[in-house]
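Novice: Provided below are the primary sequence and the corresponding predicted coordinates.
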Amino acid sequence: MRGYTGKLLRINLSNRGSQIEDIPEQLMKDFLGGRGLAVKYLYSELKAGVDALGPDNKLLFMMGPLGATTAMSVSRIAVVTKSPITGCVAKSVAGGNFGAFLKFAGFDGVILEGKAEKPTYIHIDGNGVHILDADEIWGLDTEETQIKLRQMHGTSTKAICIGPAGEKLVRYAVVISDRRCGGRTGVGTVMGAKKLKAIAVNSSGPLGVYDPQQFKSLSREQIEGLRTSPRRMQMTDFGTSYLTLGFEKMGIFPVKNFQEGHLEGVEKISDEAFAKIKVGNNGCYGCMTKCGQVRRVTEGPYAGAVSEGPDYETIWSLGGNLANTDLGFLIAADSLCDRLGIDTISAGNAIGFACELFERGIITKKDTDGLDLTWGNHGDMLKLVEKIGRREGFGELLGEGTKRAAEHIGKGTEVYAMHVKGLEIPAYEPRAVKGYGLMFATSNIGANHMYGRPREELAGKVDRFADEGKGKDIARNQIAQAVEDSVVQCSFTPATGLTPESRAKLLVAATGFNEFSDPAYLDLIGERILCLERSFNVREGFSRKDDTLPARMLTEPLKNAGPATGQVVKLDTLLDEYYDALGYSPQGIPTEEKLRQIGLEWVIEDIKKFAK
Amino acid sequence: MSVRVKLPSILQELSCGVETCEVTGQTVGECIKSLEMRFPDIKNHLFDRQGRLLRIFGIYLKSDGIQPVDLDATVRDNDEIVILSFITGG
C-alpha cells in the first residue's frame, strides 16, 4: 500500500451486488484522489440529463492519498454526485472518522449505483461487504443512527449516515459522520433517494506508505509546527466563531436575507459569548486542532441543549441572517439541524426568505402553519427547522430550497431567493467582498464558500470593493481548493500548517509518485478538475447566463453595512477576466485548446454537442 | 522616536487609503491609540466593546525579525508595527 489502497468498492443497490475494482495508477496521477478522482468517475459514468434523484445518478465517497496516515488534518472524505438542488455537479467534504476507517478496510472510495427496493444500509468488516435491511435505523436521527449501529456492530463502528431529512428528500439534506457534515449541495438527498441510510465500517489500521522514514519525519515536523502555532491554538479555542464580530463591523455579515449589514446585539453571539458556555472540544480523525466547539446551554428556554457548534456559517445562517441574537437558540437549532440531517446554510436561507416574505405581507400565518416569522422570533423558527427536516406543513415547501419555493409561490418572490444556480448563498456579503461575488457566481456547484476563497481580499492585500482585477486570483483560488479537496485536507490552514511545498513532500513520501513533488503539477491537476466540473455543467446546459448573482446584489446598494454601505457587484468585467484566466470562451465554455492543454481532449466531443 | 504602523487594506478603508502611518508611543498599545487619534473609525473595527482586539487581526512587531506581540509590548525607534488580517472563513 502506498498512501492509496488502490481499491474502489462499487455497490449496486438495485440488485444488492458489490464488486471491488482496481483504481488505475494513471488516474491517481491525473486526478490525485478525493474530489478529483470522484468527479472523473462521475463524469465518465453519468449521461447528460440524468435525474439526480433517480437510480441512474451515482453517489461517490472518496478519500485522498494522505488519508488515514499519521499526517495531521488530511483524513476528510469527498462526497460527489449530481446535485438535486442545482442540477449541476455536486461536491461536499466531510470530516469525522468514517473516511479513515473506510481506508483501513481497504478502500479509497465507494461508488453507489441504482436504488434499493427498501431502506438499506451497508456494513463493511473483515468478513466482507454486507448489504442489509435498515428497518432498525430508518427514521432515526443521525445521532441515534450512529449509536444504534454501534450497538449492533460494536463500539468501534464508524459510520456515515443520513437523518430523517435525507429519507424524506429535503433537497439540502446532508451526510454526517460523527457530528461532521458533508453539508452542501444535497448529497444526503441523493443517498436518501437511493434508500441508503448508512455505511458502517469496522476496521483497523495502520496503512503503509512508500517511504515510512521520510513520512514519519515530515509528519513530526508538521505536528511540531502545529503544537506552537498561535493560529492553530485560536482555532482550537474558538473554532470559526471569531469571524462574527469583525465581519459584522466590515459589512461582510449579511443580515435579514441580505437586506443589510448591521446586526443589533451582535456581541451576544460573539466568540467570547460562546466561549462562556463551552464544555469541550471535538475533532476529526487525525487532527490535533479539534476545532469542534462543544457547548451546553445552562439557562433560558433552551437550557440543556448541547451541540458541537455552531461555527461561523451557522452563527450567520440561523443568527444574523434571521436577526437572532439568542445564543441558546443557536445551539439548539444547530443541534437540531445536525440530528435531522439538513444543511444549516440552506435551511437558514430558506427561513430568511420566508421571513422577508412575511415582513412584506406576501405570506401570512395562514401560509406558515400559524408560525410568526417576524425577524428574531427564534421560538417559531426552531419549530420551522423541525418542519423542514421532516417535510411537514410549510416545511415541505421550504425543504425544496429557495429557488423552487419562490417558483411555487410566484408573485415575484424570485427576487428574494438568495441562491446561485439553486444553491443558497453562505455567510459572506458579495457586495462587501467582490471576490466572493465572483467566486459564488462562477462556482460549478452553486454558491459555496468552500470553492475557492478570495484569499487576497481577506488577507487585506487587495481592495475588496474593486469590480475588476480579480479574475485571475479567483481562478487560482478555485484551482487551489480543487487540489485541497482532492488531497482531502482540512481547508482551515491553521489546522494543517501545510504549505504547497510541505504538502508536495508528504504526497511523494506517501505515494512514491515523483510527479507530486512539483506544486505546479498539482495545480495542473486542480485546473483539470475545475474544467471537468465546468464541462459536466456545460453538458447539463449551463453557461455564462447561469454565472450570476441574485438581482439584490447586482442592483440594490448595500444598506447599513459600515464601510461596505452603498456597494453593488458589477459582474461583467470580473466574469470576462475569470474566463480568460481559465481559457474559457466569453460564454464560459472550456475551449478545445484548453481541454487539450490540460489532458481533457476526451471531453471535446461532449462540449461540441452540448454547449449552448 | 519614530515608529510606524502598517495597515491591511481592509483597515485602509478607514484611514483614507493610508497604508503606513507614523505614530507615537512607548508601547504597542500607545502607538495604536496614537493611530486611533488620527483615524477614529479604526478603533471600532479593531476592538470589541470590551476593548479586546478582534481575533480576525494579529499585531506583529517588525524589530529584529517579525514577532506577534501584545498591546503592552514596548517599542523602539524605527520599529514597525504590522497589523495583519487572519480570515479563513468556514
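Specialist: Structure received.

Novice: need the helices for chain B, in chain order.
Specialist: B:9-12, B:28-38, B:41-46 (DSSP state H).

Novice: quick one: low-confidence parts of chain A?
Specialist: A:1 (pLDDT under 70).

Novice: near chain B, which residues of it?
Specialist: Counting by CB under 8 Å from any CB of the partner chain, the residues of chain A close to chain B are A:230-231, A:234, A:238, A:240, A:242-243, A:245-247, A:249-250, A:267, A:270-272, A:311-313, A:427-428, A:449-450, A:453, A:457-465, A:491-494, A:562-563. Bear in mind the C-beta positions are built from the backbone N, C-alpha and C, glycine included.

Novice: in chain B, which helix or strand is least confident?
Specialist: In chain B, no helix or strand scores lower on mean pLDDT, DSSP states H and E than strand B:65-68, which sits at a mean of 79.

Novice: other SSEs contacting that strand?
Specialist: strand B:57-63 (3 or more CB pairs under 8 Å, 6 or more residues apart in numbering or on different chains; DSSP states H and E).

Novice: need the contact partners of the strand it packs on.
Specialist: A:230-231, A:246, B:8, B:28, B:32, B:46, B:53, B:66-71, B:73, B:75-76, B:79-86 (CB atoms under 8 Å, 6 or more residues apart in numbering or on different chains).

Novice: quick one: strands adjacent to that strand?
Specialist: strand B:65-68 (antiparallel), strand B:80-85 (antiparallel) (DSSP bridges).

Novice: burial of B:Glu22, as a residue count?
Specialist: Neighbours of B:Glu22 under the rule other CB atoms under 10 Å in any protein chain shown: 12.

Novice: ugh, typo on my part, it should be A:Gly412
Specialist: Using other CB under 10 Å: A:Gly412 sits among 9 other residues.

Novice: quick one: residues contacting the residue lying closest to A:Gly36 once chain neighbours are set aside.
Specialist: Distances taken as CB to CB, 6 or more residues apart in numbering or on different chains put A:Ser486 closest to A:Gly36, at 3.7 Å, once the chain neighbours are dropped. Residues near A:Ser486 by CB under 8 Å, 6+ apart: A:Phe31, A:Leu32, A:Gly33, A:Gly34, A:Arg35, A:Gly36, A:Leu37, A:Gly64, A:Ala78, A:Ile525, A:Gly526, A:Ile529.

Novice: which one of those sits in the busiest neighbourhood?
Specialist: Going by other CB under 10 Å, A:Gly34 tops these with 36 neighbours.

Novice: now do the contacts for that residue.
Specialist: A:Met62, A:Met63, A:Gly64, A:Arg76, A:Ile77, A:Ala78, A:Val93, A:Asp485, A:Ser486, A:Val487, A:Val488.

Novice: the second one and A:Pro254, how far apart?
Specialist: Translated: A:Met63. Distance of A:Met63 to A:Pro254, given as CB to CB, to the nearest Å: 34 Å.

Novice: ok, and the closest non-adjacent residue to the residue of chain B found nearest chain A?
Specialist: Across chain B, no residue is closer to chain A than B:Pro8, which sits at 2.5 Å (CB to the nearest CB). Closest residue to B:Pro8 in three dimensions, ignoring its sequence neighbours and counting by CB to CB, 6+ apart: A:Gly460, at 2.5 Å.

Novice: what do you get for A:Asp369?
Specialist: A:Gly393 is the one closest to A:Asp369 (CB to CB, 6+ apart), at 4.2 Å.

Novice: could you pull up phi and psi at that neighbour?
Specialist: Phi and psi for A:Gly393, reported as degrees, to the nearest 10, are phi 50, psi -130.

Novice: how far away is A:Ile351 from chain B?
Specialist: 21 Å (CB to the nearest CB, to the nearest Å).

Novice: helices or strands up against the helix or strand where that residue lies?
Specialist: According to DSSP states H and E, A:Ile351 maps onto helix A:344-359. Applying 3+ CB pairs under 8 Å, 6+ apart, one finds that helix A:344-359 contacts helix A:312-317, helix A:327-340, helix A:378-390, helix A:394-398, helix A:402-409, strand A:423-424.

Novice: list the buried residues in the fourth one.
Specialist: Spelled out, it's helix A:394-398. A:Phe394, A:Gly395, A:Leu397, A:Leu398 (16 or more other CB atoms under 10 Å in any protein chain shown).

Novice: the third one against A:Ala406, yeah?
Specialist: No - assessed by CB atoms under 8 Å, A:Leu397 is found out of contact with A:Ala406, at 9.9 Å.

Novice: so A:Arg232, which state does it fall into?
Specialist: helix (DSSP: H, G, I helix; E, B strand; the rest coil).

Novice: what sits against it?
Specialist: By CB under 8 Å, 6+ apart, the neighbours of A:Arg232 are A:Leu226, A:Met288, A:Thr289, A:Pro494, A:Ala495, A:Gly497.

Novice: now A:Gly6
Specialist: Applying CB under 8 Å, 6+ apart, the residues near A:Gly6 are A:Asp22, A:Ile23, A:Glu25, A:Met28, A:Asp108.

Novice: how about 6 Å then?
Specialist: A:Asp22, A:Ile23 (CB atoms under 6 Å, 6 or more residues apart in numbering or on different chains).

Novice: next one: phi and psi at it?
Specialist: phi 80, psi 10.

Novice: with B:Glu13 instead?
Specialist: According to degrees, to the nearest 10, B:Glu13 has phi -60, psi -30.

Novice: domain ranges for chain A?
Specialist: Taking automatic domain parsing as the criterion, chain A consists of the domains A:7-201, A:234-415, A:434-496+A:518-610.

Novice: could the ones you listed go into JSON lines alongside distance to B:Gln12?
Specialist: Formatted as JSON lines, the domains of chain A follow (distance: least, CB to CB, whole Å):
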{"stretch": "domain A:7-201", "distance to B:Gln12": "33"}
{"stretch": "domain A:234-415", "distance to B:Gln12": "12"}
{"stretch": "domain A:434-496+A:518-610", "distance to B:Gln12": "8"}
